[in-house]
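Asker: Got a sequence here, can you model it:
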Amino acid sequence: MRLIVHRLGHVCNGDAYDTAAIARKAYRLAAGPFLRDAEEVSEHDCRHGAVILRDNPDHGYLLSIADSRIDADELWGSWDLDEMIERYTGWVRTLG
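Answerer: Sure, this is the predicted structure:
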């Protein structure tokens with residue numbers, strides 16, 4: 001499993017931006033090429049965020065996590081579906 005893109009507050013992939021809104025846009029731009037051809041497998045809206053599992057033929061399975069408790073977004077990738085399902089269900093429980 002590999003971390004593809006991450007954002008925490010006003011920092012995206014290690015680069016600090018003036019505001020969290022600009023960092024969110026940088027996150028969307030960085031994640032876009034991976035998500036463009038991805039098919040949504042499952043999505044769960046939680047009290048404290050959202051978790052989405054996608055399948056991309058070129059990049060494997062993609063797990064998007066939006067954690068509103070700490071204003072963070074992450075995009076993970078893996079070819080191992082079992083691992084991604086385990087992470088997906090874990091994040092759904094965590095974000096409630």
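
Asker: what number of residues lie near Tyr61?
Answerer: The tally of other residues near Tyr61 (other CB atoms under 10 Å) stands at 23. (Glycine included, C-beta is placed from N, CA and C.)

Asker: On the three-state scheme, the closest residue in space to it that isn't next to it in sequence is what?
Answerer: Nearest in space to Tyr61, with sequence neighbours left out and distances taken as CB to CB, 6 or more residues apart in numbering, is Met84 at 4.4 Å. Secondary structure, DSSP: H, G, I helix; E, B strand; the rest coil: Met84 is helix.

Asker: Model confidence score at Met84, please.
Answerer: Here, the pLDDT recorded for Met84 equals 97.

Asker: Thr19 contacts His10, correct?
Answerer: Yes - with contacts counted by CB atoms under 8 Å, Thr19 reaches His10, the gap being 5.9 Å.

Asker: Neighbour count: the two, which is higher?
Answerer: Legend: neighbour count by other CB under 10 Å for Thr19 and His10, higher for His10 (17 against 10).

Asker: gap between that one and Asp73?
Answerer: According to CB to CB, to the nearest Å, His10 stands 12 Å off from Asp73.

Asker: What segments of the protein are strands?
Answerer: 2-8, 11-12, 15-16, 39-46, 49-56, 60-67, 72-78 (DSSP state E).

Asker: Report the central residue of the protein.
Answerer: Residue closest to the mean C-alpha point of the chain, counted by CA atoms, centre = their mean, is Ser64 at 2.3 Å.

Asker: list the contacts for that residue?
Answerer: Listed by CB atoms under 8 Å, 6 or more residues apart in numbering, the contact partners of Ser64 are 31, 35, 50-54, 73-75.

Asker: which of the residues you listed are buried?
Answerer: 31, 35, 50-54, 73-75 (16 or more other CB atoms under 10 Å).

Asker: For Ala23, state which of those is nearest.
Answerer: Nearest to Ala23 among the buried ones among the contacts of Ser64 is Asp73, at 9.0 Å by CB to CB.
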